[in-house]
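# Compute the structure for the input listed below.
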Amino acid sequence: MINIEKRITQHFQDSIDTKLRVGSVLTPHIAAASHAMVDCLKKGGKILSCGNGGSAADSQHFAAELVGRFERERQELAAIALTTDSSILTAVANDYSFDEIFSKQVRALGKTGDILFAISTSGNSKNVVAAIEAAHLKGMRVVGMTGRNGGKIASLMQPGDVLLNVDSQVTTRIQEVHLLTLHCLCDAIDNLMFGEI
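Residues are numbered from 1 along each chain as shown. Here you go, the predicted model:
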């Protein structure tokens, strides 16, 4: 007989253990990403975000927190999730390739000084990799949020970019840390831009 309550308790414990293990490693990188994003926003730039599946949801969550609000009322911040326009996504996937659904939008919307927030649990999503390559050609900085060993995305990081890699082999745990990291970024951006609360 499966003990579901025991399994649930173990999920909570595993999540806590992973967060505690990677937190001290990630903290300075999250701070660096926050400063880069604040610098971008203060100079009139915007943050474009992308990812697939759960990472698509994270990219939309992040943009919503910046454009709307996180935990306080403040001015709107410029962020666009590249995962939300079904006409663009399906047209590009159909007429070109699914690998180009984000890179074409980066080339169309991105400019020097903007940031691409590129999310991939494996670090190997081809369309996210293509978006990073497009962002670099546009003179954009990249914040990559990955898992495992960082995959292909880790090898694409250039000076000025920031890699937020969750050193875990378990997709569930990586995605849980990604959500916490996203909230840390939002909190840091708000406090750096508008003062500590």
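
# Which residues are in contact with P28?
The contact partners of P28, by CB atoms under 8 Å, 6 or more residues apart in numbering, come to none. All C-beta atoms are positioned from the backbone trio N, CA, C, and that covers glycine.

# The nearest residue to R72 once chain neighbours are set aside and T121, how far apart?
What sits nearest to R72 in space, not counting adjacent residues and going by CB to CB, 6 or more residues apart in numbering, is I197, at 5.9 Å. Distance, I197 to T121, by CB to CB, to the nearest Å: 32 Å.

# between these two, who's got more neighbours?
When neighbours are counted by other CB atoms under 10 Å, I197 and T121 differ, and T121 comes out ahead with 25 against 9.

# In this model G147 seems to touch that one, though I could be wrong.
Yes: between T121 and G147 a contact is recorded at 4.7 Å, counting by CB atoms under 8 Å.

# which residues are common contacts for the two?
Joint contacts of T121 and G147 (CB under 8 Å, 6+ apart) are T171, I174, Q175, H178.

# I'd like to know which of the residues you listed are buried.
Burial by neighbour count, judged by 16 or more other CB atoms under 10 Å, picks out I174, Q175, H178 from these.

# what mean pLDDT does the helix or strand harbouring the second one have?
According to DSSP states H and E, Q175 maps onto helix 171-194. With pLDDT averaged residue by residue, helix 171-194 scores 98.

# Can you name every helix or strand that that helix contacts?
helix 4-42, helix 54-67, strand 141-147, strand 162-166 (3 or more CB pairs under 8 Å, 6 or more residues apart in numbering; DSSP states H and E).

# Try it again at 10 Å.
Counting contacts by 3 or more CB pairs under 10 Å, 6 or more residues apart in numbering; DSSP states H and E, helix 171-194 packs against helix 4-42, strand 47-50, helix 54-67, strand 115-120, strand 141-147, strand 162-166.
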